[in-house]
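*Asks:* Dropping the sequence and predicted coords here.
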Amino acid sequence: MSTTTTTDAQTEGVANGAPIESRRLGVYRLVTQKSTSNFREPWDNLARGFPSMKRLVKDIFQLNSTYLLLYLLIQVWECTFLPLLDLDLSSRILVIIEEGLKQGRPDATRIFYAVALKMISTVMTTLIKEWILIVERKLIRALEFKLQALVLRSKLRTDLTGAQGKVNHSFNEHHAWYAFRHFVFVGGQMAGVAGQLVYIFRTVQSSGHGPLVVGLCLVHPFFNFLKGQSLWSIPHVAHPDDSNFARRQNLLHLGDRKFKQDLITGDIVQHILSEFRKVLRLLGNTDISEPHVQYSRRFSPLWRVLVAISSDFPMIYYAGNAIFNPTQSSLATIATLQLADNLLGRSFLAMLHNVQRATAHANRVKAIYDVENVEHDANGAGVARYPPEGQAQVQGMAIELRNVSFSYPGNEPTKTALKNVSLTIDPGQLVVVVGANGSGKSTIVKLLMQLYQPSEGTILLAGRDMREYNTADLRRATAALTQDHHLFPLSLAENIGLGNPARVGDGEAIADAARRGGAEKVLERLKEGSHTTLERVLGLHWGNNVRKDDKTLLAAELERMSKNIDVSGGEKQRLVAARTFMRFTIGTVKLACVDEPSANLDPEGELELFDNLRLAREGMTMVFVTHRFGHLTQHADLIVCMKEGQIEEKGTHAELMALDREYAKMFRIQAKAFT
Ligand SMILES: Nc1ncnc2c1ncn2[C@@H]1O[C@H](COP(=O)(O)OP(=O)(O)OP(=O)(O)O)[C@@H](O)[C@H]1O
């Protein structure tokens, strides 16, 4: 064997006790775990996948045990016994024909029965396969529904901490069935290979050949196994590690539609084309094919030739035997052994291939079930009720941030979004948080909304650590309107009504919330009004060999199917704001956090929204994050000015203007624009 494409393999370090190795494959760097034994690895991986597969089998069994057992029986029949039966029937036909030829009198009746048996077996197999498809479809559907409910439930439960890096949602519920089917195949194929080996052994024994023939029959599958090791069977990380290649990729992306306007207005098309030619010249002949392709080419041509001719070894033996030992040679036996050897070679390769892929399947199943076990940092397990006894009548929420620091999960702990922030907010206050980009304003809102927990310090609500309260109580006591909200792919009425799920069907309340959010006219303009669903069915339409720009009826149909009703950015913000006004109707909200809700609103819409929010805040503490604070600051009880994750200054508008520092500077810049 030679390594034709790996240039600088070297041991780099140790991961989980196993050394890792890094090598360059063309423009890629490939990092693999150094294997202790190539042969054992796939089997070890297979064994590791068993616990999650066990749970899957249990789930399928609970769905329909009869269908499951039938499915397993048929698969074992198909993978294990059928090839052997086929082989045996073919062998019998060959023996009968050979005997007939030797005696010069073919036994027509036996030949007829043998051929008929073979035909019946073929017909039965085809029918069984059809039937298994029906059974399989039923099982797939039931399993998919069950897992979809499980996954949706845990996806909906996942908080931002979980969603940011901890939970792997990159799977599809279909994967579970594929994985199950795959494991059944592998089991069936293993049994099949064992059966075929026994068959060859017995045929060789009964025909008087020695174990040498068995050995020769195994050489080709074994060589193929060595050659067949693919990168997919090895835990690995690969990434482009060539600046020219990276530049080529990025330049190719400049053809994307989103860059169109900048390219045209910037008049830089020629420059990009010439840069692209330059980078192609620099790349020269460096191999840019994907790592698994390069990895599979690591064998020399000589090795490949050896693997190819190894399939002829048994035939060379039979030919020699026919010359030196003609009386022992039976054509039927030779043909049977050739058939068996070919079958074994194919089955062995398919089995190994499937064993190597089994780990990936098992990992996907594990990922599906793992979504249930994610711990949610923000969902404290507190039991204290909110509002605490005697506080129900208090107008708003009393909040204290005590030495709060926070860094986002995934960020370096040293990159803190908030540093030692302390702040007291009295019930019912209107607090306006201002400051430069990235100064930590939105982070305060996210902590108050319990989307994250402080890394250090405490947030006290009504004098008690926020984490001690029952999460559901706190959710009922808060409302948020931020720039990050989205419209759900549901009707617009539901989009607004879901602010208060108990009144999602209350048309009057929805209309009132729409009016206060400034979305009344948006709904009026739409043909189906509040019953409009912006995206009818997310992503589900196809056009095969049909281009939207063709002038055919089919193309027109595709165009019609893929057309969604859309609203502008400002209209979307109004609809989302309406949902927040609807939320206020639940009557238990004591804290409303509003974070830049008006970036896309026209000045009139912005003023209206700010006024409506202000008017609706009775009984609530309101924390308002905004860069355009002119409308609000004269109403604010407290203005907090943030800088680099810390509170730079706080006070009323008059106090901060008198201080004449950061806030006064920002206020004057805004005021100047209007004078
Ligand atoms: N989801 C996130 N993951 C990692 N880092 C984040 C995340 N969100 C914000 N940050 C970082 O935290 C810091 C504070 O961000 P934050 O959004 O609170 O600032 P901001 O004052 O609201 O800014 P802006 O005025 O631009 O909205 C910034 O350095 C930002 O890069």
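*Replies:* Good, I have the coordinates. Source: prediction; values computed, not measured. Numbers count the residues shown, from 1 in each chain.
*Asks:* How many residues are close by residue 283?
*Replies:* Residues lying near residue 283 (other C-beta atoms under 10 Å) number 17. (Glycine included, C-beta is placed from N, CA and C.)
*Asks:* From residue 110, how far off is it?
*Replies:* Applying C-beta to C-beta, to the nearest Å, the value for residue 283 to residue 110 is 68 Å.
*Asks:* Check residue 131 too.
*Replies:* As judged by C-beta to C-beta, residue 131 and residue 110 stand 31 Å apart.
*Asks:* With residue 150 instead?
*Replies:* Counting by C-beta to C-beta, the gap from residue 150 to residue 110 is 58 Å.
*Asks:* same check, this time on residue 587
*Replies:* Distance from residue 587 to residue 110, by C-beta to C-beta: 90 Å.
*Asks:* With residue 429 instead?
*Replies:* 100 Å.
*Asks:* Kindly report the same for residue 92.
*Replies:* Taking C-beta to C-beta, one finds residue 92 at 9 Å from residue 110.
*Asks:* quick check, distance from the helix or strand hosting residue 23 to the centre of its chain.
*Replies:* For residue 23, the host element (DSSP states H and E) is strand 18-25. Distance of strand 18-25 from the chain centroid (C-alpha atoms, centre = their mean, to the nearest Å) equals 26 Å.
*Asks:* other SSEs contacting the following helix or strand past that strand?
*Replies:* Toward the C-terminal end, the helix or strand that comes next after strand 18-25 (DSSP H and E) is strand 28-33. If you count contacts as 3 or more C-beta pairs under 8 Å, 6 or more residues apart in numbering; DSSP states H and E, strand 28-33 packs onto strand 18-25, strand 236-240, helix 291-296.
*Asks:* mean confidence score for strand 28-33?
*Replies:* For strand 28-33, mean pLDDT rounds to 86.
*Asks:* can you list contacts of it?
*Replies:* With contact meaning C-beta atoms under 8 Å, 6 or more residues apart in numbering, strand 28-33 is reached by 6, 12, 15, 18-24, 231, 234-242, 290-291, 294-295.
*Asks:* what do you get for stretch 515-533?
*Replies:* 489-493, 496, 507, 510-511, 514, 565, 567, 571, 574-581, 601, 605, 608-609, 612, 616.
*Asks:* Now do the helix or strand where residue 72 lies, average pLDDT.
*Replies:* Element membership of residue 72, judged by DSSP H and E, is helix 65-76. Averaged across helix 65-76, pLDDT comes to 87.
*Asks:* Name the residues that touch that helix?
*Replies:* Residues beyond helix 65-76 that count as contacts (C-beta under 8 Å, 6+ apart) turn out to be 57, 60-61, 128, 131-132, 135-136, 138-139, 181, 184-185, 187-188, 191.
*Asks:* Swap in 10 Å and give it another go.
*Replies:* Residues outside helix 65-76 that contact it (C-beta atoms under 10 Å, 6 or more residues apart in numbering) are 57, 60-62, 64, 82, 125, 128-129, 131-132, 134-136, 138-139, 142, 180-181, 184-185, 187-188, 191-192.
*Asks:* Let's see the PyMOL selection covering just the buried ones among these.
*Replies:* Here is the PyMOL command that selects the buried residues among these (16 or more other C-beta atoms under 10 Å):
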select buried, resi 60+64+82+125+132+135+136+139+142+180+181+184+185+187+188+191+192
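*Asks:* Out of the contacts of helix 65-76, which sit inside strands?
*Replies:* Among the contacts of helix 65-76, no member falls in strands (DSSP state E).
*Asks:* Which positions within stretch 629-640 qualify as buried?
*Replies:* Result for stretch 629-640 [16+ other C-beta under 10 Å]: buried residues 629, 631, 632, 633, 636, 638, 639, 640.
*Asks:* likewise stretch 192-206?
*Replies:* Within stretch 192-206, the residues scored as buried using 16+ other C-beta under 10 Å are 192, 193, 195, 196, 197, 199, 200, 203, 204.
*Asks:* Ok, stretch 642-659 next?
*Replies:* 642, 645, 646, 647, 648, 649, 650, 651, 653, 656, 657.
*Asks:* Pull it out as PDB, backbone CA atoms only.
*Replies:* Provided in PDB are the C-alpha atoms of stretch 642-659 (Å, rounded to 0.1, in the frame of the first residue of the first chain):
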ATOM      1  CA  MET A 642     -24.400  51.200  29.300                       C
ATOM      2  CA  LYS A 643     -20.800  51.100  28.100                       C
ATOM      3  CA  GLU A 644     -18.800  47.900  27.400                       C
ATOM      4  CA  GLY A 645     -20.900  45.700  29.600                       C
ATOM      5  CA  GLN A 646     -21.100  48.000  32.500                       C
ATOM      6  CA  ILE A 647     -23.400  50.700  33.800                       C
ATOM      7  CA  GLU A 648     -21.700  54.000  32.900                       C
ATOM      8  CA  GLU A 649     -24.300  56.200  34.600                       C
ATOM      9  CA  LYS A 650     -27.900  56.100  35.700                       C
ATOM     10  CA  GLY A 651     -30.500  58.600  36.800                       C
ATOM     11  CA  THR A 652     -33.400  60.700  35.300                       C
ATOM     12  CA  HIS A 653     -33.100  62.600  32.100                       C
ATOM     13  CA  ALA A 654     -32.500  65.900  34.100                       C
ATOM     14  CA  GLU A 655     -29.800  64.300  36.300                       C
ATOM     15  CA  LEU A 656     -27.900  62.800  33.400                       C
ATOM     16  CA  MET A 657     -28.100  65.900  31.400                       C
ATOM     17  CA  ALA A 658     -26.700  67.800  34.400                       C
ATOM     18  CA  LEU A 659     -23.900  65.200  34.700                       C
END
